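1. Predicted model and sequence follow; I will ask about them next.
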Amino acid sequence: MAVLNPRSFIPFAALALALIPAVAGAASRTDAKPRLAGVRTHHIRQARATNEPKPRECVKAPIRVVAGAESVKLSLAKCDGAAAPAGVEQLSTLARATGARRLDARLVERLELVVDHFRKGTEPTRLVLVSGFRPRSAGSYHSTGRALDFRVDGVANEALVAFCKTLQDTGCGFYPNSGFIHIDVRDPGTGHVAWTDASRPGEAPRYVTEEPTGSSALPELPAHDADERNGDARTAKDEATHAL
């Protein structure tokens, strides 16, 4: 019986050891192809996503806001009723809000509710902004960007204020002899607050308990009661003279 010499296995062992790195390298190169392909595909998809136009934000039909000599077409709210950031920005500028001050978004949303209710046809509703942000009107909702005085072309102020009174946590002021209504946003749970001021421009406020019907002989509301109902300290020049 032949006896194998152990030394004869040494060359084969050395050869096997030498082949291991080569085989491992080939395997790694084989695995690298799918990985590189995956990386390329990822970057291609990323590039396409970056270059593709983003879907446009859904907003309500625009209105035209007139403030003095300025006239701007804008959308106040998104399709879900929330204030549109661009609309808040544009309306704040027209209302003379300066610096970091902006109109309260909840006020803009209420204004959209008014516009939606009285919208007619396809032409943009024309809203005339009478008075907006008034930083020196201490105690007034105008001083914090939470109130606007306005009118809507083609809509009676009586109808505007009647609808305003259906909105919760909202202040509604009717100024029959000044040609506008006041709307402001109140803290949650307040309900709605309404008043009628029969004074004329330049006169001291004259709050009445009935809606004017053309006669100036209306019962007046005591000043302290009016202040409690309004929750908004006003002076003759602050609320009766409405220059932006």
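-> Received the coordinates, thanks. What you are looking at is a predicted structure, and each value in this text was computed from that prediction instead of being measured.

2. so where do the helices sit in the chain?
-> Assigned by DSSP state H, the helices in the chain fall at 10-51, 85-94, 105-118, 157-164, 223-230.

3. Comparing these by mean pLDDT, which bottoms out?
-> Of all the helices of the chain, the minimum mean pLDDT falls on helix 223-230 (a mean of 37).

4. Domain-wise, how is the chain divided?
-> Domain assignment for the chain, taken from automatic domain parsing, gives 15-49, 63-240.

5. which residues are in contact with stretch 98-116?
-> The contact list for stretch 98-116, computed with C-beta atoms under 8 Å, 6 or more residues apart in numbering, reads 60, 63, 76-77, 81-84, 87-89, 91-92, 95, 97, 125, 127, 132-133, 135, 144-148, 150, 152, 160, 163-164, 167, 170, 183-185. (Each C-beta comes from the backbone N, C-alpha and C, glycine too.)

6. Filter those residues down to the buried ones, PyMOL style.
-> In PyMOL, a selection of the buried entries from the contacts of stretch 98-116 looks like this (16 or more other C-beta atoms under 10 Å):
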select buried, resi 60+63+76+77+83+84+87+88+91+92+95+97+125+127+132+133+144+145+146+147+148+150+152+160+163+164+167+170+183+184+185
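
7. mind listing which of the contacts of stretch 98-116 are in strands?
-> Members of these lying in strands (criterion: DSSP state E): 63, 127, 147-148, 150, 152, 170, 183-185.

8. For residue 177, state which of those residues is nearest.
-> Set against residue 177, the nearest of the ones in strands among the contacts of stretch 98-116 by C-beta to C-beta is residue 150 (16.3 Å).

9. isn't the closest one right up against residue 118?
-> No - contact criterion C-beta atoms under 8 Å: residue 150 and residue 118 do not qualify, at 12.0 Å.

10. residues shared between the contacts of those two?
-> Residues touching both residue 150 and residue 118 by C-beta under 8 Å, 6+ apart: none at all.

11. Can you tell me how far the residue nearest to residue 74 when sequence neighbours are not counted is from residue 134?
-> Leaving aside its sequence neighbours, residue 74 sits nearest to residue 90 (C-beta to C-beta, 6 or more residues apart in numbering; 4.6 Å). Per C-beta to C-beta, to the nearest Å, residue 90 is found 19 Å from residue 134.

12. So between the two, which is more surrounded?
-> Under the neighbour definition other C-beta atoms under 10 Å, residue 90 and residue 134 were set side by side, and residue 134 has more, 22 against 17.

13. hang on, isn't that one packed against residue 144?
-> No - contact criterion C-beta under 8 Å: residue 134 and residue 144 do not qualify, at 9.8 Å.
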